[in-house]
Structures are given as C-alpha cells and as structure tokens.
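1. kindly generate the corresponding structure for this input.
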Amino acid sequence: MQNLESALDDLIERYVEQLPTRYTEYVAEWDSPIYGSVIDEDTVEWAPVKQTSPLSFNELERALEITFHDSIKAIFGRWFAGDLSLEYDGHPVTLLQVQSTEDGERLLANLTGHILMKRRLKQPETVFIGLGVENDDLLVSIDNVTGQVGLEWVGKEQHECLADSLEEWLATCQPKSELSDIE
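-> Just a heads-up that it's a prediction; the model follows:
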C-alpha cells in the first residue's frame with residue numbers, strides 16, 4: 001500500500017509541477033479545501049490537498065457485502081483534487097478525483113449503482129476511476145478482485161488490460177494540460 005500511496009503522491013507532484021495553474025468545476029455548495037480563486041460561476045482554480053480522514057468505504061462495503069480492493073480505496077481516499085487530465089499511451093484520459101467530503105459521498109453513491117449494475121449483468125465487479133476523453137462511454141476501471149487496471153465500455157466487461165496494478169498504470173501516465181486541443 002505504501003508503494004501505491006507513493007505512486008499517487010508522485011503523480012500529484014508531477015501534475016502540479018507541469019501544470020502550475022489548474023482549473024476545475026466550481027460547486028458553490030461544497031466546502032472544498034482544493035478551491036482557490038473563483039474564475040466564474042462554473043470554474044475555479046484548484047490545488048491538491050491530502051485528505052486528513054480518508055474517504056471511508058466501510059458502510060458501503062457492509063451494505064453491498066463486498067470488500068473494495070485497496071487500490072480503489074487509495075485512489076479516492078488519499079487526495080482531494082480536481083479531476084486529472086492525463087495521457088496514457090498517446091490517448092487522453094481523465095482520472096477522476098474527489099474534491100471534497102460531499103463529492104466523496106456522491107462518488108460512493110455512483111459506485112453503488114455501478115456495482116449493482118455489474119451484478120445485474122453478471123459481470124466481474126469493477127470500479128471506474130477514469131474516462132476516455134475521446135469517448136466518454138469508455139471507462140478506465142479497476143477489477144475489484146485482481147486490482148488490474150483496464151478499459152471497459154459502460155455496461156460491458158473489461159476488454160483490455162492496461163496494467164496489472166494501479167501503481168504500474170499511474171507510473172505510465174503523463175499530466176496533460178486541460179487546455180490542450182484534443183483531436
């Protein structure tokens with residue numbers, strides 16, 4: 001777990017270093033520690049803040065009778081941050097992040113729906129951690145049993161393995177400016 005936390009910290013450090021000014025959606029109702037200067041009613045500058053009390057999956061695990069893979073708990077329980085625009089193997093992806101405690105609760109509700117859908121479809125349980133920018137029906141997900149990072153279409157099983165672990169996958173991702181033209 002310590003190596004995974006180091007990989008997450010390293011990615012955040014590289015992101016801040018390469019993108020000194022970062023923007024995210026502004027949600028006025030959230031008391032988000034990441035918010036800096038408000039640009040307009042929808043946009044705010046942000047800076048990452050380490051979570052002092054990691055997002056807890058305990059209640060959701062009990063309700064769903066599941067234990068989430070440590071990498072899933074780590075990626076959403078280590079930092080408060082805006083979503084990260086990354087490049088993986090020449091393709092733009094968005095790595096989802098939790099902006100605040102309220103956003104964490106919203107994420108847990110979305111994960112509930114995702115897990116229940118997977119069960120209804122009798123598919124291996126995965127948790128989405130990102131989106132393909134070129135097609136937002138393409139999810140970057142973690143297999144809850146193996147920890148493998150892969151691609152899956154919404155409602156489908158993982159069809160491509162990107163890395164055997166989140167730590168390995170994060171090491172291959174590069175920060176990408178949110179303002180870059182995506183072709």
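
2. quick one: residues in contact with the longest helix along the chain.
-> Identified as the longest helix of the chain according to DSSP state H is helix 101-120. Identification of contacts with helix 101-120 by CB atoms under 8 Å, 6 or more residues apart in numbering yields 27, 29-32, 55, 57, 60, 63-64, 66, 76, 96, 98, 124-128, 155. In short, each C-beta sits where N, CA and C put it, glycine included.

3. so where do the strands sit in this structure?
-> Under the criterion DSSP state E, strands of the chain are mapped to 23-25, 35-40, 43-46, 49-50, 79-80, 84-88, 91-95, 126-132, 138-143, 149-153, 158-163, 174-175.

4. mind putting those strands in JSON lines, distance to A109 and mean pLDDT included?
-> Output for these, formatted as JSON lines (distance: least, CB to CB, whole Å; pLDDT from 0 to 100):
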{"stretch": "strand 23-25", "distance to A109": "18", "mean pLDDT": "93"}
{"stretch": "strand 35-40", "distance to A109": "22", "mean pLDDT": "93"}
{"stretch": "strand 43-46", "distance to A109": "22", "mean pLDDT": "95"}
{"stretch": "strand 49-50", "distance to A109": "22", "mean pLDDT": "98"}
{"stretch": "strand 79-80", "distance to A109": "18", "mean pLDDT": "98"}
{"stretch": "strand 84-88", "distance to A109": "22", "mean pLDDT": "95"}
{"stretch": "strand 91-95", "distance to A109": "19", "mean pLDDT": "94"}
{"stretch": "strand 126-132", "distance to A109": "13", "mean pLDDT": "95"}
{"stretch": "strand 138-143", "distance to A109": "17", "mean pLDDT": "96"}
{"stretch": "strand 149-153", "distance to A109": "20", "mean pLDDT": "96"}
{"stretch": "strand 158-163", "distance to A109": "23", "mean pLDDT": "95"}
{"stretch": "strand 174-175", "distance to A109": "29", "mean pLDDT": "95"}
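
5. with distance to R14 added, can I get the ones you listed in CSV?
-> Formatted as CSV, those follow (distance: least, CB to CB, whole Å):
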stretch, distance to R14
strand 23-25, 18
strand 35-40, 19
strand 43-46, 16
strand 49-50, 16
strand 79-80, 13
strand 84-88, 10
strand 91-95, 12
strand 126-132, 16
strand 138-143, 18
strand 149-153, 18
strand 158-163, 17
strand 174-175, 6
